[in-house]
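1. pasted the sequence and its predicted model underneath.
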There are 2 protein chains.
Amino acid sequence: MCAPSVVESVRRTLSRRQFVGVVATGAAVSVPVRAQQKPIRLPKGFRDVIDLTHVLSPLLPVYPGYRPIQVRPRSTIAREGYANNEVTFDEHTGTHVDAPVHFVSGAVSADRVPVDRLLAPLVVVTIAERAAKNADTLVSADDLLQWEKRYGRIPAGAFVAMHSGWDAHVRDANRFFNRDAKGTMHAPGFSEAAARLLVTERDVSGVGVDTLSLDAASAQKFVAHLTILGAGKYGVEMLTNLSRVPPAGATIIVGAPKHEGATGGPARVLALV
Amino acid sequence: MCAPSVVESVRRTLSRRQFVGVVATGAAVSVPVRAQQKPIRLPKGFRDVIDLTHVLSPLLPVYPGYRPIQVRPRSTIAREGYANNEVTFDEHTGTHVDAPVHFVSGAVSADRVPVDRLLAPLVVVTIAERAAKNADTLVSADDLLQWEKRYGRIPAGAFVAMHSGWDAHVRDANRFFNRDAKGTMHAPGFSEAAARLLVTERDVSGVGVDTLSLDAASAQKFVAHLTILGAGKYGVEMLTNLSRVPPAGATIIVGAPKHEGATGGPARVLALV
């Protein structure tokens, strides 16, 4: 690693030569990204990429028992010539994967989920209208069969996501956790029957929610978790932007974490639509 | 969060009902994933997904000054009913993104790279034969022009990766760091001219390497870093499996981290081939 003064001198030279607007003083100035001229070529049949991932910040709600992410600067451009943070998080925070080993001893960790399971036909089951009236509503087996009536059978290897609209509340912790007088949280999730249908009869790759839990928040037994992860499938919690994805026809890309033995972890999740 | 005993009871019930082989005693037993019956439907025109990501473990080499990842169990299935780890890393470890703000104050952080830049036509420039003989070899502007002679002009928005074969050495730190008698490291990287061609004349989305640095390891001035990040493009370092990707025609998917203000961070990186 060379001295900051050397980096600084190169920076100035390059700056003069070509980077108008890149001020390299170490001060936080705003540098506009150069506008890209041409749209990216997406895989055939797709027109856009939708980001299903929340910005991971200490302000994002976390499930009780977990701690928010911490980001600590360990080096800065002014001091060392380059910026680096040390990042600490509990695995089950932010938009994140639940690997089977989160609930089942000896089961598959996130780094070992077969890579072809991370791209999947994306099935979006919307219960947002119901959820707005009843926070305890569940995705039922009948919801899945109704979806199939309109769009055809859920394909093997699909990723099935609950769109409850709950992600709209992340900036309002009271509304998001939605605790009753006894402190019990209320938010939608998957019913046991729906979870069982997906893993035993449809052989999905994974199941996702835009809430903190595959199970309804008031559930005390984690039956959806145990059914889905117990069958070797993965979950993704705290998805966002599902309202921008069609019910059928999109492809999800789950950028699952790959640290060794991960019981899960923050993931970049994209949808090709 | 309910008591482990309740979870355990549900686990046993579910286990009897449907999950032969899922032993829920909290002991680490091996649970086979049920074989998937049908291959996943990939986007049209693609036949496979290649994982360009190293398993992130404390054994993976890190650039001098950074610390290896730490994974500490905070809850276990036996004790709390579910497993969770606390993970700590320096952002520039493992297969990871370098955001422009890593080297340029006020520039774009990893969470703000436009999402359509994370999918890109993947250009693989192989210098593995040369690198095997000369660790200081660089991807030159001429290497890029030779690639274009065979495969056509590098498309706008492409991701251009150096395949030097260096990822084969990650389990042998001496070979990987390749220090000379004075302690200077030697490994390939991008030349300044190649970096400048990519950002000013080809308008790429990002640039990647299968080494620890966009610059040659012996370089003291980070000119490739400053040229690429200074132009608002991102880098990806410590890629692997580039030998399994064709020189042209693949699509890269960069699962960039999305924690707020990220100067970079471990990323799941996939190639559709």
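-> Cool, got the structure.
2. drop to CA atoms for contacts and neighbour counts, all remaining ones
-> Noted.
3. residues from the stretch 151-273 of chain A in reach of chain B?
-> Within the stretch 151-273 of chain A, the positions near chain B by C-alpha under 8 Å from any C-alpha of the partner chain are A:156-158, A:203, A:220-223, A:226-227, A:230-232, A:251, A:255-260, A:262-264, A:267-269.
4. and the closest residue to A:Arg117 other than its chain neighbours, how many neighbours?
-> Of all residues not flanking A:Arg117 in the chain, A:Ser205 sits nearest, at 5.7 Å (C-alpha to C-alpha, 6 or more residues apart in numbering or on different chains). Applying other C-alpha atoms under 10 Å in any protein chain shown, we find 28 residues neighbouring A:Ser205.
5. now do the helices for the stretch 101-250 of chain A: every range, in order, please.
-> Using DSSP state H, counting those that start in this stretch, the helices assigned to the stretch 101-250 of chain A run over residues A:128-133, A:141-151, A:173-177, A:192-196, A:223-230.
6. would you list the ones you listed in a markdown table and tack on mean neighbour count and mean pLDDT?
-> Converted to a markdown table, those look like this (neighbours: other C-alpha atoms under 10 Å in any protein chain shown; pLDDT from 0 to 100):
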| stretch | mean neighbour count | mean pLDDT |
| --- | --- | --- |
| helix A:128-133 | 15 | 98 |
| helix A:141-151 | 15 | 98 |
| helix A:173-177 | 16 | 96 |
| helix A:192-196 | 21 | 98 |
| helix A:223-230 | 27 | 98 |
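7. filter the residues of the stretch 151-273 of chain A next to chain B down to the buried ones and hand me the PyMOL line.
-> Restricted to buried positions by 16 or more other C-alpha atoms under 10 Å in any protein chain shown, the PyMOL selection for these reads:
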select buried, chain A and resi 156+157+158+203+221+222+223+226+227+230+231+232+251+255+256+257+258+259+260+262+263+264+267+268+269
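8. just the ones of the residues of the stretch 151-273 of chain A next to chain B in strands?
-> A:251, A:255, A:264, A:268-269 (DSSP state E).
9. just flag the most distant two among the residues you listed.
-> A:Thr251 and A:Gly264 (21.1 Å; C-alpha to C-alpha).
10. point out where the stretch 101-250 of chain A drops to low pLDDT.
-> Counting by pLDDT under 70, not a single residue of the stretch 101-250 of chain A qualifies.
11. wait, what's in contact with the closest residue to A:Asp215 other than its chain neighbours?
-> For A:Asp215, ignoring the flanking residues on the chain, the nearest one in space by C-alpha to C-alpha, 6+ apart is A:Gly189 at 4.5 Å. Residues near A:Gly189 by C-alpha atoms under 8 Å, 6 or more residues apart in numbering or on different chains: A:136-139, A:162, A:209, A:211, A:213-217.
12. ok, A:Arg175 next?
-> By C-alpha under 8 Å, 6+ apart, the contact list for A:Arg175 reads A:His169.
13. against chain B, how distant is it?
-> Going from A:Arg175 to chain B by C-alpha to the nearest C-alpha, to the nearest Å gives 19 Å.
14. repeat for A:His163
-> A:His163 sits 21 Å away from chain B, going by C-alpha to the nearest C-alpha.
15. try A:Ala132
-> Taken as C-alpha to the nearest C-alpha, the span from A:Ala132 to chain B is 24 Å.
16. show me what contacts that residue?
-> A:Gly165.
17. what of A:Pro247?
-> A:122-126.
18. could you dump those residues to TSV with distance to chain B?
-> Output for these, formatted as TSV (distance: C-alpha to the nearest C-alpha, whole Å):
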residue	distance to chain B
A:Leu122	11
A:Val123	13
A:Val124	17
A:Val125	20
A:Thr126	23
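19. farthest pair in those?
-> Taking C-alpha to C-alpha, the two most distant members of the contacts of A:Pro247 are A:Leu122 and A:Thr126; they sit 12.6 Å apart.
20. rewinding a little: which one of the ones in strands among the residues of the stretch 151-273 of chain A next to chain B is nearest A:Pro73?
-> Closest approach to A:Pro73 among these (C-alpha to C-alpha): A:Arg268, at 22.1 Å.
21. contacting residues around stretch A:229-241?
-> Residues from elsewhere that reach stretch A:229-241, judged by C-alpha under 8 Å, 6+ apart: A:50-54, A:94-104, A:107-108, A:167, A:199, A:204-214, A:225, A:228, A:269, B:19, B:22, B:33-34.
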